[in-house]
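J.: Quick one: sequence plus predicted model below, questions after.
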Amino acid sequence: MGEDYASRIAPERSPGEDAVDATRRTRLANERTYLAWWRTGLSAFAVSLGAGKVVPALTKETRWPYTLIGVGFGLLGVVLVGYGLMRQRTVDAAISRGEFAPSDERIVLVLAVSAIILGVALTAIVIFSG
């Protein structure tokens with residue numbers, strides 16, 4: 001009884017089918033990662049709008065620091081979405097060739113440093129304003 005049940009649930013597959021299935025899963029993972037780049041970029045756009053427009057409209061603080069930070073987060077969002085597209089295409093091409101495509105460490109470093117600088121600047125504005 002156990003063997004019949006197991007074969008109906010997970011029938012035997014050839015190694016070729018396993019390779020196709022692994023490639024399919026890898027492509028789907030690449031799509032999910034691409035969508036994560038989009039979500040991160042959209043989050044940066046939301047911070048841009050909040051810091052650059054909403055907060056200054058609600059306070060009597062000097063506007064230009066908030067505007068500057070808002071522009072910075074907006075640009076970061078654009079770069080995140082753009083790099084996400086570039087990365088998705090690079091990884092997809094590598095999958096087709098049966099290869100691995102590592103991230104460009106320079107771009108990842110620039111993104112991280114940019115986010116850190118913007119975050120520290122925004123925190124400083126919040127602490128030292130009014």
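T.: Sure thing, it's come through.
J.: May I have the residues that are in contact with the residue nearest the centre of the chain?
T.: Central residue of the chain (CA atoms, centre = their mean): residue 37, 2.2 Å from the mean position. Taking CB atoms under 8 Å, 6 or more residues apart in numbering, we find residue 37 in contact with 80, 81, 83, 84, 85, 87, 88. In short, each C-beta sits where N, CA and C put it, glycine included.
J.: Please identify the buried residues of whatever helix or strand residue 31 lives in?
T.: Element membership for residue 31, per DSSP states H and E: helix 15-49. For helix 15-49, burial by neighbour count (16 or more other CB atoms under 10 Å) applies to 30, 34, 37, 38, 40, 41, 44, 45, 47, 48.
J.: Pull out the CA atoms of stretch 60-74 and give them to me as PDB.
T.: Extracted in PDB, the C-alpha atoms of stretch 60-74 (Å, rounded to 0.1, in the frame of the first residue of the first chain):
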ATOM      1  CA  LYS A  60       7.300  74.700   9.800                       C
ATOM      2  CA  GLU A  61      10.800  73.400   9.300                       C
ATOM      3  CA  THR A  62      13.200  74.500   6.600                       C
ATOM      4  CA  ARG A  63      12.100  72.600   3.500                       C
ATOM      5  CA  TRP A  64      15.400  72.300   1.500                       C
ATOM      6  CA  PRO A  65      17.000  69.500   3.600                       C
ATOM      7  CA  TYR A  66      13.800  67.400   3.300                       C
ATOM      8  CA  THR A  67      13.600  68.100  -0.400                       C
ATOM      9  CA  LEU A  68      17.300  67.100  -0.900                       C
ATOM     10  CA  ILE A  69      16.800  63.800   1.000                       C
ATOM     11  CA  GLY A  70      13.600  63.200  -0.900                       C
ATOM     12  CA  VAL A  71      15.400  63.600  -4.200                       C
ATOM     13  CA  GLY A  72      18.100  61.300  -3.000                       C
ATOM     14  CA  PHE A  73      15.700  58.500  -2.100                       C
ATOM     15  CA  GLY A  74      13.900  59.000  -5.400                       C
END
